[in-house]
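Visitor: the sequence and its predicted three-dimensional model are supplied below.
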Amino acid sequence: MEVERVPSKSAMKSLTGEEIRATFLHFYEQRGHQIIPSASLVPEDPTVLLTIAGMLPFKPVFLGHEKIASKRVTTSQKCIRTNDIENVGKTARHHTFFEMLGNFSFGDYFKKEAIQWAWELSTRVYGLDPNNLVVSVFREDQEAENIWRDVVGVDPCRIIRMGEADNFWSAGPTGPCGPCSELYYDFHPELGTQEIDLEDGSRFIEFYNLVFMQYNRDANGKLESLTQCNIDTGMGLERMAQILQGAANNYETDLFFPLLEKACSLVKQDYYKVDEKDKISFKVIVDHIRACVHLISDGVVASNLGRGYVLRRLLRRVVRYGRLLGITKPFLSEIAEVAIELMKATYPQLIEKREKILTELQQEEVRFLATLGRGEQLLTDLLASDPKEISGEQAFELYDTYGFPVELTQEIAEENSLAVDLEGFYLAMDQQRQRAKAAVMTIDLTLQDTIDKVVNDLGETTFQGYQNLEQSSEVQAIVINGISSNKCTVGDKVDLVFDSTTFYGESGGQIGDRGTISSVSLDTGKCLIDIDAVQRVKGAFIHSGLVKSGTLHLGDVVQLSVDSFCRRCVRSNHTSTHLLQSALKKIVDSDISQAGSLVGFDRLRFDFHSSRPIEVEELMEVEQLINSWISEEHALFVSEMSIDDAKSAGAVAMFGEKYGDIVRVVDIPGVSMELCGGTHVSNTSEIGLFKIVSETGIAAGIRRVEAITGQGILSYLNDRDSIVKTLSEGFKAQPNEIVDRVTALQSEVKFLTKSLEKAHMEVASSKALLLLKKSISLGKSQYMVERLDGVTGEALQFAAQTLVDKLGVNSAVVLAGIPEMNNRKKVILVTAFGSEIINMGLNAGKFLAPIAKLCGGGGGGRPNLAQAGGKNPEALDSALGFARDQLVKALQ
């Protein structure tokens, strides 16, 4: 455990976190810097998961891809890092969410000004004693060392040279790079300047980092001086707060402590009086809740992918650490309220997104709590069996069934000195993905090796289908049943590759085209092939179909004809998908982002991140808006441009997709702009009509809208009309009377169901009372183990509880039976204990579990009442005998 040190006050100014932030920004604003608000935690660059550094929003500027209005800017940038999440709460200054104060120069000032201003801000403005400061420089950066020593006047003993690993920054293997210089606060200057070790966290804390971007590294590793040198700096707000507020650690500053107080109040504890283990739990909770609040505010929705998984992992760690402290009820929103209040002045969007933040936290917490108990019990049982490690299959079951992030399983295992088989976990996950893919694969996996070889030999297919639906092309490959061939003939199911094609290959959610391939030969006559699927494999288009007539040879020139009706349908559906995303953003939530899509001939499907179902009224508004865009006859403009220009123009990219340097942009001015390689209408009027047919949840935090367009709506209406006519005839009612007739029938069924349930309860109660005389006395206790067939599970519970109520607090009852005598495939078992039996240490749920296993089942419940099911009625009598023996033994 890191030793916590409290800074000496001396002449330091005691500033709040807000004052530290405002002071920094004002200082640099006075020196010609433009104050720029914090960028989102969700970066514009689709290749980066989260904003992890203060300079990330300016990376395109540093790389020369974009220009910026001001050559001097200053920011307070919110950041997220989870690479060392296991240290959060255990050290004085590790965090997942933190704020980085920074000043930047793009080809303006350089080392001298950056160093002088950093020293002036630290010593004259914040009031840090120079005797408490140590400076590090890159070992080869004599220029920076000279400035610190000769211009600023730092004691040479307090200037430490460091190697490349610590004091040299680079954007990657190639590109801009340069030396760094860092300012450290020394908690114990009285220890002197001999053999200073800046790695000693108990004595030193780095609080300000200056990066001098002055080189470009080429592919050979050679450094060349940049014509335009840049400055990139970062001061950790939380670290400076610890120093200036004289706190023992970052958590005891005003940025965190109100959150700690709130968390402690939930379990009626005093933070300063709890033990170190509980302090860690409290710190993890308040650190993570800050991160979660900002992630949700910036549009992240909890899921099992990408940044959504980061949010889910953080939330579930909070819940788990809350359980360790004894918090069993939902509590995240209570602490989040405090976090919002603390940060609303700097981030006013937290007030705007308050309801969304609290709702997402509540939903995700309730979702996890629903399975947490069962998952914890499974993990407890695993640990109780004294395993050598948690297997990959067990870790995956906890993840897949109970929602335990594998990292959480690792943490719990480490607390018990165990390892988790991560290789086995990822193997199990991959196997599940493969099983899911197998259901939708349209290329036979047995063909894949041959297809791959063909693709590697031939390279990419040229796609001409944006402009034409028909063209001639040369046959370059023929594959039949996984074997390359020189020809194909009638009846063959074949995969074909051409030098160019008008057929669209499935990608980006859009299904591949259908159509025909034909040729005429003097030797073999006319050849006709029906194409029913087209896939893209490494840039090559694989046309799959059935030879209807004739023979086709390698090298033949054929006519490719895309089914124009199918293409029109898919174009309408694809453009409608773009309109749907724009409408959802405008009406439901501007932070909605795509999670997947399917563009078919007969329908479209759009999956998106959302923490709640979409209201019926909202769906109607979305549908109405899309149809208004269709009727307004918006023209579509398709262009190709650089990825940077596309992002600058505001084009929407799907996270996780890989884009080249040049991208295709589909623009409906004023409505939608997306990166897309699919086929589209030229004007929205070609779509005709748009109709939403369903909105459902498909996973935690992911919703799905299915819709139809154009002629698909006519088929949909005909089907609905047929259903209405059938119902009208069956109910002997007019179409407008059907709803009332169904409502009346539902009320009648509900009444009869309740009457039947009441009758079941009365029968069970009567049977139970007849069993009273069969109870057996054992000391002060009375027990009963009996079989009761023909009774539902709910009624059997009622009977068991009735018997305990009659027999008293010292009674124990076990009942079991076959609920349906005409369907002897399952059994129901119930255990009920009186309060004194529970006080003896017995638990109904734990007692019943091994008995249920004998019947091939399982279950559980509360200490006083539990129910289980089984699949082996033949074992019921022996299971009851076992239950009787165990109960007698326990009561004795």
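Guide: In hand now; what should we look at? Note that the structure is a prediction, hence the values are computed from the model and not measured.
Visitor: would you mark the buried spots in stretch 419-431?
Guide: Within stretch 419-431, the residues scored as buried using 16 or more other Cβ atoms under 10 Å are 420-421, 424-425, 428-429. Bear in mind the C-beta positions are built from the backbone N, C-alpha and C, glycine included.
Visitor: before we move on, what about stretch 160-172?
Guide: In stretch 160-172, counting by 16+ other Cβ under 10 Å, buried: 160, 162, 166-169, 171.
Visitor: I'd say residue 184 and residue 204 touch.
Guide: Yes. When contacts are counted by Cβ atoms under 8 Å, residue 184 is listed as touching residue 204 (4.6 Å).
Visitor: which residues do those two both contact?
Guide: Common contacts of residue 184 and residue 204 (Cβ atoms under 8 Å, 6 or more residues apart in numbering): 134, 198.
Visitor: which parts of the stretch 451-600 of the chain are helices?
Guide: Secondary structure of the stretch 451-600 of the chain by DSSP state H, counting those that start in this stretch: the helices cover 564-587.
Visitor: got any ranges where it has weak pLDDT?
Guide: 451-452, 521-524 (pLDDT under 70).
Visitor: could you pick out the longest helix of the chain?
Guide: Counting residues, the longest helix in the chain under DSSP state H turns out to be helix 738-771.
Visitor: mean confidence score for the next helix or strand after it?
Guide: Scanning forward in sequence from helix 738-771 by DSSP states H and E, the next helix or strand is strand 776-778. Across strand 776-778, pLDDT averages out at 90.
Visitor: now what about the helix or strand just after strand 776-778, what contacts it?
Guide: Sequence order places strand 781-787 as the next helix or strand after strand 776-778, per DSSP H and E. Contact partners of strand 781-787, identified using Cβ under 8 Å, 6+ apart, comprise 771, 774-776, 803, 807-808, 810-817, 836-837, 876-877, 880, 883-884, 887-888, 891.
Visitor: how big is the angle separating strand 781-787 from helix 738-771?
Guide: Using axes from the mean of the first three to the mean of the last three Cα atoms, to 10 degrees, the inter-axis angle of strand 781-787 relative to helix 738-771 is 120 degrees.
Visitor: alpha carbons of strand 781-787, as PDB, please.
Guide: What follows is strand 781-787, C-alpha atoms only, in PDB (Å, rounded to 0.1, in the frame of the first residue of the first chain):
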ATOM      1  CA  SER A 781     -39.600 -29.400  17.000                       C
ATOM      2  CA  GLN A 782     -42.200 -30.800  14.700                       C
ATOM      3  CA  TYR A 783     -41.500 -31.900  11.100                       C
ATOM      4  CA  MET A 784     -43.300 -33.300   8.100                       C
ATOM      5  CA  VAL A 785     -42.000 -34.800   4.800                       C
ATOM      6  CA  GLU A 786     -44.900 -35.700   2.500                       C
ATOM      7  CA  ARG A 787     -45.900 -36.200  -1.100                       C
END
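Visitor: after that strand, heading C-terminal, what element do we hit next?
Guide: Heading C-terminal from strand 781-787 (DSSP H and E), you reach helix 793-807.
Visitor: please name every helix or strand in contact with whatever helix or strand comes next after that following helix.
Guide: From helix 793-807 onward toward the C-terminus, using DSSP H and E, the following helix or strand is strand 811-817. Judged by 3 or more Cβ pairs under 8 Å, 6 or more residues apart in numbering; DSSP states H and E, strand 811-817 is in contact with strand 781-787, helix 793-807, strand 827-833, helix 876-891.
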